[in-house]
Every structure is written in C-alpha cells, then in structure tokens.
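What shape does this take:
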Amino acid sequence: MNPDKLFNYLDGKLSAAEREKLEDELIRDPELQRQFGMARKIHERMSGEAREVVLDEPPPGAARSRQIMRRVMIVFLALIFVNTIVGVVVIGLLENKRRQARVATDHNRSDMAVALQKAAEGALPPPTLVDEIKIAVSARELDAMVEKISAAAKQVNGSAAKNLSNENGTLIFAEIPVDRVAQFQDALAKLGAVVPPSSSQAPGSGNAILQIRLTPRPE
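Sure, this is the predicted structure:
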C-alpha cells in the first residue's frame, strides 16, 4: 500500500469509492492495519503541530519542515512494507526448499524399498504352490481345528495363518519347507484331511504354500 494513500485517507482527500476500497482492505489485511495505525499516529502528531502553527505565528520554514517530516514518514512506512514483502518471499522460498527436500526423501525411500524388494525376490526362490487340501469340520470345532493345523505347521518348521471365511468354508494358508511337506500332509490326514494325490510330493526347494479349506460339516 502506498503510504501517501493512507495520509490522503486521513486527510479526507480520497473519493468515496477509494475510501470504501481502502476500508475493505483494512478489514482483511492485518499488515495494512499496522501500517494504518502508524500513519494515524503520525497524522495526529502533524495535525497537532499544524494547530499550534495556526494559533501562533508560524516560524520561518515551518511548512517546509512539516513537508519534510511527512516525506520521511512515508519513506519509513514504505520500508516497513518492503521488509514485510521480502520476509514473506524468504519464508516462501524456505518452505519450498523444505517441501522439495521432503519429496526427495520420499522418492529415495520409495526407490530403496523397490530395490530391497527386487533384491529379496532375486535372493529367495519363489514358493511352490500345492493343491488345495480339504478338511470337513463342524462350526463348534472350527477354532480348535485352526489351532491344530497351526501347531502341525510349527512342528515341521513352517507356519499357518487363517484367511477368509465364506459360505464355502474357511481358508488357511500354510508355508512349509518343501522337504517336509509330506510330513505335514500326514499330520493333516490324521486330522481328517483329504490330501490330493498330486500334492503328496512337492518338487523344488525352498518353501511350499499349501491352501487348506475347512469345509462346513453338519453338527
């Protein structure tokens, strides 16, 4: 805001449209309110000096002194305005740098995660998938059967986890070392599982993924 416009407002020299526009800006802009407060104090001081000059004999050069003071105050307000703008720009640049640094960090983490995933995929052989195994179980025996299957998987250095349940039964996925799949299947057979013949021997090395379906059995 041009400081001269603030003084013209205080002197009543602005048109009605200009006054209304300035008052709207004052309502919305806290920084302009601060500048206006300083301008009003300066204006009141200058007005007081002007009244003293009218009552007393004006000393030589009084009008010139007031004009110089007004110009100095205008420059002072202009400097405040410029400093405010510079501060806003600097803050914006710093925030932009911080945002760019965060984006770069996120990209680096994402690239590292992808690299680690690829390395893990290359280092570990893919698991062997074995045909689905079914066990008929009543609703009241369901939780106990899940625990028995999990215990059987642990006995062969594997693991089992319960998955989805629907009208077709409850799925359990077991990850078992390939060389101990037959032992795990024998344990499932003792629990009443129907083991497909094709899954009695699991070729390859590493781990095998077995899908076990607990089908509903009438009570």
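
C-alpha only now, for contacts and for neighbours.
Noted.

Tally up the residues packed near L164, please.
A count of neighbours around L164, defined by other Cα atoms under 10 Å, yields 10.

right, and it touches F173 too?
No: L164 lies out of contact with F173 (Cα atoms under 8 Å); the separation is 10.0 Å.

after the strand or helix carrying G87 comes which helix or strand?
When elements are assigned from DSSP states H and E, G87 belongs to helix 62-123. The C-terminal neighbour of helix 62-123 among helices and strands, as given by DSSP H and E, is strand 128-137.

Could you pull out the buried residues of the helix or strand just after that following strand?
Moving toward the C-terminus from strand 128-137, the next helix or strand (DSSP H and E) is helix 142-155. By neighbour count with 16 or more other Cα atoms under 10 Å, helix 142-155 contains the buried residues L142, M145, V146, I149, S150, A151, A152, A153, K154.

I'd like the residues you listed as JSON lines, with pLDDT and distance to A17 appended.
JSON lines is the format used below for the buried residues of helix 142-155 (pLDDT from 0 to 100; distance: Cα to Cα, whole Å):
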{"residue": "L142", "pLDDT": "88", "distance to A17": "81"}
{"residue": "M145", "pLDDT": "91", "distance to A17": "84"}
{"residue": "V146", "pLDDT": "92", "distance to A17": "81"}
{"residue": "I149", "pLDDT": "93", "distance to A17": "84"}
{"residue": "S150", "pLDDT": "93", "distance to A17": "82"}
{"residue": "A151", "pLDDT": "94", "distance to A17": "85"}
{"residue": "A152", "pLDDT": "93", "distance to A17": "87"}
{"residue": "A153", "pLDDT": "92", "distance to A17": "84"}
{"residue": "K154", "pLDDT": "94", "distance to A17": "84"}
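
In TSV, list those along with distance to Q183.
Putting the buried residues of helix 142-155 into TSV (distance: Cα to Cα, whole Å) gives the following:
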residue	distance to Q183
L142	22
M145	18
V146	18
I149	13
S150	14
A151	13
A152	9
A153	10
K154	12
